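K.L.:
Fold the following.
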Amino acid sequence: MARDLQSISAPKAAIHRSCRSPRGRVKLFSCSQCEQVLFFENTVCTHCGQSVGYCVEAETLAAIPKTEEPNEPFDVPLPGRRVEKYVKCKNFVDRDACNWLVRAGDEEPYCRSCRLSAVIPDLTDAKNQAAWLEIERAKRRLLYAIYALNLPVAAKTEDPEGGLRFEFLRGTDEDPVMTGHDDGVITLNVAEAEAAYRENMREKLGEGYRTVLGHLRHEIGHYYWDRLIGSGPSLGAFRERFGNESSSYEDALKRHYDEGPPSNWSESFISAYATMHPWEDWAETWAHYMHMIDTLETAKAHGLTVQIRSKAARDKVVTNTLAFRDYDSLSWGWQAVTVALNNLTRSMGMKDVYPFVLSPVVQGKLRFVHEVIQSAATSITPSATAPKSAAGRWGRR
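P.N.:
The predicted structure is shown next:
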């Protein structure tokens with residue numbers, strides 16, 4: 001992707017507005033003992049050796065004290081000056097495969113991420129073990145953003161009708177596994193966590209971007225179409241932007257793989273795959289919006305400043321001024337940050353980390369996703385009459 005830095009000028013109102021991340025917090029974690037910066041995935045501070053675990057309710061990596069018992073409850077400070085007891089997730093203790101915490105006394109020994117995984121591959125196979133670890137890491141990052149946006153999420157075991165569950169399966173030549181979504185069940189082909197397979201599929205399908213996290217964000221987009229759009233008040237506005245989802249999905253699928261996308265697809269769609277059907281257009285756009293929010297939150301946490309040259313003046317995008325509840329602010333910040341990212345990767349002789357160009361039509365679709373999320377309440381329940389997104393019943397490539 002090529003972009004001309006000279007063509008970019010900043011909307012002043014977007015730069016100078018007050019800012020808030022999705023929950024007024026940012027993704028920059030540090031060790032409570034030595035203040036060393038930590039990654040979201042850390043279980044140990046590499047500077048002082050302090051054990052840490054992520055607490056969803058506190059939105060922080062909490063210090064885990066050393067005890068004689070393998071999983072003895074410990075105190076975690078929560079917002080509102082509360083302190084509660086927590087323990088490590090069972091996958092944290094048994095397999096060193098998680099870094100999330102669970103409230104002490106919870107009947108469910110798995111954390112709020114691991115309990116959503118209903119089916120996992122055979123972990124006696126080292127290849128499956130490595131792939132599963134990568135998938136679970138991506139899922140925790142997915143859920144971090146979901147919780148930060150206050151979106152409704154519950155396990156199928158808690159809410160059979162509107163709940164969510166993940167199934168990670170290893171296919172065979174005789175019984176292939178297709179990544180997809182069906183009525184709250186997200187299936188992922190375990191092979192997608194293997195770089196060689198994923199890169200081969202990316203090249204074969206002509207995709208600029210293909211990751212495990214991208215797959216999960218796409219499929220959960222189908223889940224939230226059912227929960228937030230369905231036959232509710234936003235359906236009419238959805239159809240104006242994306243088209244009529246009642247058109248045959250089977251016919252659209254066949255047409256897409258027989259004929260491919262239209263030659264001018266980038267004028268109206270975020271990806272070639274989005275051209276297949278309104279449901280896929282929504283899911284691709286949703287996933288892209290999630291990429292934007294997560295990356296910009298990280299940029300904001302690190303105080304990234306990007307200077308853009310324009311004919312009128314030298315404008316700066318200081319990411320800590322981005323207003324996360326204002327789409328114009330997000331859009332401008334995203335444009336500036338991705339140009340900088342691509343220039344950095346080109347300086348390293350690498351391909352663009354962000355191989356997309358957002359047309360005005362695509363920007364309108366992203367704005368719609370933003371508005372739906374902003375208006376969503378955490379207590380939303382699925383409509384009994386809402387049509388279910390069929391995407392994934394036949395599977396994604």
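
K.L.:
Quick one: the strands in the stretch 201-350 of the chain, in order.
P.N.:
305-309, 314-318 (DSSP state E, counting those that start in this stretch).

K.L.:
Could you list the low-pLDDT ranges of this structure?
P.N.:
In the predicted model, the chain carries pLDDT under 70 at residues 1-26, 206, 208, 308-315, 377-397.

K.L.:
Which strand in it has the most residues?
P.N.:
Among all segments of the chain classified by DSSP state E, the strand with the greatest residue count is strand 82-88.

K.L.:
Extract the C-alpha set from the helix or strand following it and format it as PDB.
P.N.:
With elements assigned by DSSP states H and E, the helix or strand that comes after strand 82-88 is helix 90-95. Extracted as PDB, the C-alpha positions of helix 90-95 are listed here (Å, rounded to 0.1, in the frame of the first residue of the first chain):
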ATOM      1  CA  LYS A  90      -6.700 -23.800  36.400                       C
ATOM      2  CA  ASN A  91      -4.900 -23.500  33.100                       C
ATOM      3  CA  PHE A  92      -2.500 -21.100  34.700                       C
ATOM      4  CA  VAL A  93      -1.700 -23.700  37.400                       C
ATOM      5  CA  ASP A  94      -1.900 -27.000  35.500                       C
ATOM      6  CA  ARG A  95      -0.500 -26.100  32.100                       C
END
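
K.L.:
Please identify the buried residues of the longest strand of the chain?
P.N.:
Tyr86, Val87, Lys88 (16 or more other C-beta atoms under 10 Å). Where C-beta positions appear, they are placed from N, C-alpha and C, glycine not excepted.

K.L.:
What's the separation between Ala97 and Arg115?
P.N.:
When distances are taken as C-beta to C-beta, to the nearest Å, Ala97 and Arg115 turn out to be 14 Å apart.

K.L.:
try Glu134
P.N.:
Glu134 sits at a distance of 19 Å from Arg115 (criterion: C-beta to C-beta).

K.L.:
Of those two, which one has the most company?
P.N.:
Taking neighbours as other C-beta atoms under 10 Å, Glu134 and Arg115 compare with Arg115 leading, 20 against 16.

K.L.:
Specify the local secondary structure of that one.
P.N.:
Per DSSP: H, G, I helix; E, B strand; the rest coil, the secondary structure class of Arg115 is helix.

K.L.:
That one reaches Lys156, doesn't it?
P.N.:
No: at 9.9 Å, Arg115 and Lys156 do not qualify as touching, with contact defined as C-beta atoms under 8 Å.

K.L.:
Within the helices and strands, which one has the residue most central in space within the chain?
P.N.:
When C-alpha atoms, centre = their mean is applied to the chain, the residue found nearest the centroid is Leu142 (3.9 Å). Here Leu142 sits within helix 126-148, counting by DSSP H and E.

K.L.:
Mind listing what's buried along the helix or strand following that helix?
P.N.:
The element immediately downstream of helix 126-148 (helix or strand, assigned by DSSP H and E) is strand 165-169. Under the neighbour-count criterion of 16+ other C-beta under 10 Å, strand 165-169 has Arg165, Phe166, Phe168, Leu169 buried.

K.L.:
what's the answer for stretch 42-60, then?
P.N.:
By neighbour count on 16+ other C-beta under 10 Å, the buried set for stretch 42-60 is Asn42, Thr43, Cys45, Gln50, Val52, Gly53, Tyr54, Cys55, Val56, Ala58, Glu59, Thr60.

K.L.:
can you pull the contacts of the nearest residue to Gln50 once chain neighbours are set aside?
P.N.:
With C-beta to C-beta, 6 or more residues apart in numbering as the measure, Gln33 is the residue that lies nearest to Gln50, at 4.6 Å, once sequence neighbours are left out. Counting by C-beta atoms under 8 Å, 6 or more residues apart in numbering, Gln33 makes contact with Cys45, Cys48, Gln50, Ala63.

K.L.:
Let me know the secondary structure of the second one.
P.N.:
Meaning Cys48. Each residue gets one of three states, and Cys48 gets coil by three-state DSSP.

K.L.:
For it, which non-adjacent residue is spatially closest?
P.N.:
Nearest residue to Cys48, sequence neighbours excluded (C-beta to C-beta, 6+ apart): Cys34, at 4.2 Å.

K.L.:
Run a quick neighbour tally on that neighbour.
P.N.:
By other C-beta under 10 Å, the burial measure for Cys34, its neighbour count, is 11.

K.L.:
May I ask you to confirm that it is in contact with His47?
P.N.:
Yes: in this structure, Cys34 sits in contact with His47. The criterion is C-beta under 8 Å, and the distance is 5.3 Å.

K.L.:
Would you format the buried residues of strand 165-169 as TSV with distance to Trp334 included?
P.N.:
As requested, these are exported to TSV (distance: C-beta to C-beta, whole Å):
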residue	distance to Trp334
Arg165	32
Phe166	28
Phe168	31
Leu169	34
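
K.L.:
Number of residues surrounding the nearest residue to Leu164 once chain neighbours are set aside?
P.N.:
Beyond its immediate neighbours in the sequence, the residue positioned closest to Leu164 (C-beta to C-beta, 6+ apart) is Gly184, lying 5.2 Å away. The tally of other residues near Gly184 (other C-beta under 10 Å) stands at 22.

K.L.:
For stretch 347-360, list the C-alpha coordinates in CSV.
P.N.:
Output for stretch 347-360, consisting of C-alpha atoms alone and laid out as CSV, is shown next (Å, rounded to 0.1, in the frame of the first residue of the first chain):
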residue,chain,number,x,y,z
SER,A,347,12.6,1.1,6.9
MET,A,348,13.3,-2.5,8.1
GLY,A,349,12.8,-3.9,4.6
MET,A,350,9.6,-5.5,5.6
LYS,A,351,6.1,-5.5,4.0
ASP,A,352,3.5,-3.0,5.2
VAL,A,353,2.1,-4.0,8.6
TYR,A,354,-1.2,-2.3,7.5
PRO,A,355,-2.0,-3.2,3.9
PHE,A,356,-5.4,-1.4,3.7
VAL,A,357,-6.8,1.8,2.3
LEU,A,358,-10.1,3.1,3.8
SER,A,359,-12.4,4.6,1.2
PRO,A,360,-15.2,7.0,2.3
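
K.L.:
Nice, that's everything, thank you.
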